[in-house]
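*Asks:* Would you be able to build a 3D model of this:
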Amino acid sequence: MPFSDSFSATFSLELGDEVSEAKEVARMPWRVLKRLNAVDGFVELYANGNADNESRMWSCDAAVDFRILCPKNKVLVSKNTGLSYFKANGSHLWGFKRFISVDALKEHFSDGRFRVETTITVQRMSGLRLPPVFAFDQSAHSDCALVVDGEKLWINRSYLALYSPYFESLFFGDFAEAKTDSIEIRDVSRDEFVEFLQVIYPSHNEVTEENVESLLRLGDRFEVAFVTECCEDFLLATERFSFAEKLLISGQYRLCRLENLCLKEINSLADLRRVSESPEATLLADFTKVSLYERIVRLAKDVEDATVAVAPRPTAAQYKVPNSPSFVF
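*Replies:* Numbering: from 1, shown residues only. Below you'll find the model as predicted:
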């Protein structure tokens with residue numbers, strides 16, 4: 001089954017090369033290269049697959065779709081490479097030498113920057129293994145359909161029950177749903193729920209800046225500690241969320257490790273002021289506010305202990321020397 005994923009990058013209309021940040025698709029790092037020279041006035045776009053891997057054993061068949069998006073997300077131009085053969089001996093760049101003229105871009109991007117959305121669809125790989133992909137359609141491994149937004153998602157009861165006390169009770173408890181082959185899941189979007197399942201299933205899709213909050217919400221609702229822990233690991237490592245945002249999330253979902261990390265980053269009143277002046281301050285959980293107070297009290301005590309008053313040494317002028325000093329030998 002093909003493995004597909006998309007990512008975006010923003011480039012300038014300045015001369016020279018620009019490379020996007022790496023995005024992992026099918027266990028390979030992918031980047032987009034923008035090239036612009038003064039000769040023909042065209043923007044070149046290329047997908048750069050697994051360029052850092054020096055082994056000659058890998059290869060990959062993939063199609064690449066480039067789309068330049070206008071400010072309102074309307075597609076200005078779209079081109080697809082078709083199935084292309086990426087391999088280690090230099091053929092890791094596929095794309096278009098004359099993707100679009102600079103003049104055409106300038107008509108739509110007055111600030112001199114444009115956004116490219118890229119979709120990588122991997123068909124076959126050698127030397128590297130494609131991660132498992134689950135479409136949640138009916139198969140020999142599914143025994144129940146969860147109806148989300150009116151669409152059936154076929155799952156395996158026993159597998160989900162291993163991860164969740166909620167699903168274990170739903171599928172195998174004394175509920176009417178346990179006796180049916182189709183169960184409706186309300187108040188959740190189909191796309192968010194599929195993303196949630198993809199983290200639980202052996203594909204173990206990654207947590208991202210875009211999906212972490214919906215995954216936390218669903219992990220909490222359906223009691224899937226594995227998903228919650230994956231989200232906490234992501235938040236511990238990422239710098240995409242502000243200090244105050246992390247504190248708020250840690251309180252909402254009782255993420256002890258994340259709150260501990262945030263509290264230990266408060267080392268001054270200025271740090272505390274950053275939190276108190278943020279939009280998230282009024283939304284913090286009460287126990288988080290108590291932890292903040294205790295942290296400041298502890299810091300104040302540490303400062304007090306470190307600055308215990310020491311009597312100043314007298315200067316030479318302050319010494320009183322008697323007229324008839326006594327000496328003892």
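*Asks:* remind me which residues of the stretch 151-300 of the chain are low pLDDT?
*Replies:* Residues of the stretch 151-300 of the chain meeting the criterion pLDDT under 70: none.
*Asks:* Please, where are all the strands along it?
*Replies:* 151-155, 182-184 (DSSP state E, counting those that start in this stretch).
*Asks:* For Leu218, find the nearest of those.
*Replies:* Closest to Leu218 of the strands of the stretch 151-300 of the chain, according to CB to CB: strand 151-155, at 13.2 Å. The way it works is simple: take the backbone N, C-alpha and C, and place the C-beta from them, glycine included.
*Asks:* tell me what the closest one is packed against?
*Replies:* Applying 3 or more CB pairs under 8 Å, 6 or more residues apart in numbering; DSSP states H and E, one finds that strand 151-155 contacts strand 144-148, helix 190-200.
*Asks:* Spatially nearest residue to the residue nearest the centre of the chain (excluding sequence neighbours)?
*Replies:* What sits nearest the mean C-alpha location of the chain, by CA atoms, centre = their mean, is Thr208, with 2.6 Å. Nearest in space to Thr208, with sequence neighbours left out and distances taken as CB to CB, 6 or more residues apart in numbering, is Phe234 at 7.7 Å.
*Asks:* separation between that neighbour and Gly251?
*Replies:* 17 Å (CB to CB, to the nearest Å).
*Asks:* Surely Leu76 is in a helix?
*Replies:* No: read with DSSP: H, G, I helix; E, B strand; the rest coil, Leu76 is strand and lies in no helix.
*Asks:* my read: it touches Phe99, true?
*Replies:* No: taking CB atoms under 8 Å as the definition, Leu76 is not a contact partner of Phe99, at 10.8 Å.
*Asks:* you'd agree Tyr46 is up against Arg35?
*Replies:* Yes: using CB under 8 Å, Tyr46 is in contact with Arg35, at 7.3 Å.
*Asks:* and these two? which has more neighbours close in?
*Replies:* Tyr46 (22 against 18; other CB atoms under 10 Å).
*Asks:* Tell me which strands the helix or strand where Arg98 lies pairs with, and in which orientation.
*Replies:* Taking DSSP states H and E as the criterion, Arg98 maps to strand 93-101. With DSSP bridges as the test, strand 93-101 is paired with strand 42-49 (antiparallel).
*Asks:* following the strand it pairs with, which helix or strand comes up?
*Replies:* According to DSSP H and E, the helix or strand after strand 42-49 is strand 59-69.
*Asks:* mind checking how far the residue nearest to Val207 when sequence neighbours are not counted is from Ser182?
*Replies:* Take Val207 and drop its neighbours on the chain: the residue closest to it by CB to CB, 6+ apart is Phe234, 4.0 Å away. Noted for Phe234: a distance of 33 Å to Ser182, by CB to CB.
*Asks:* higher neighbour count, these two?
*Replies:* Neighbour count, other CB under 10 Å: between Phe234 and Ser182, Phe234 has more, with 20 against 11.
*Asks:* Now the terminal residues of stretch 35-52, how far apart.
*Replies:* 19 Å (CA to CA, to the nearest Å).
*Asks:* What lies in contact with that stretch?
*Replies:* Outside stretch 35-52, the residues that touch it by CB atoms under 8 Å, 6 or more residues apart in numbering are 13-17, 19, 28-34, 58, 60, 62, 64, 66, 81, 84, 86, 88, 92-103, 105, 116, 118, 120, 128.
*Asks:* buried residues in it?
*Replies:* For stretch 35-52, a neighbour-count test (16 or more other CB atoms under 10 Å) marks 35-36, 42-51 as buried.
*Asks:* Burial check on Gly16, number of neighbours?
*Replies:* By other CB under 10 Å, 10 other residues sit near Gly16.
*Asks:* now the top helix by length along the chain, how far from the centre of its chain.
*Replies:* Criterion DSSP state H: the longest helix present in the chain is helix 286-306. Distance of helix 286-306 from the chain centroid (CA atoms, centre = their mean, to the nearest Å) equals 31 Å.
*Asks:* residues in contact with that helix?
*Replies:* 247-248, 250-251, 259, 263, 266-269, 272, 275, 284.
*Asks:* Run through the stretch 1-150 of the chain and note the low-pLDDT ranges.
*Replies:* 1, 90.
*Asks:* my read is Cys34 is in a strand, agree?
*Replies:* For the record, residue 34 is Lys, not Cys. Yes: under three-state DSSP, Lys34 sits within a strand.
*Asks:* got the contact list for it?
*Replies:* So Lys34 contacts 11, 17-19, 43-45, 116 (CB under 8 Å, 6+ apart).
*Asks:* follow-up on the earlier one: list the backbone torsions phi and psi for the residue nearest to the centre of the chain.
*Replies:* Main-chain dihedrals, Thr208, degrees, to the nearest 10: phi -130, psi 170.
*Asks:* Show me which of Leu76 and Phe99 is the more surrounded one.
*Replies:* Phe99 (19 against 16).
*Asks:* I'd like to know how far the more buried one sits from Val32.
*Replies:* Taking CB to CB as the measure, Phe99 falls 11 Å from Val32.
*Asks:* same check, this time on Leu263
*Replies:* Distance from Leu263 to Val32, by CB to CB: 39 Å.
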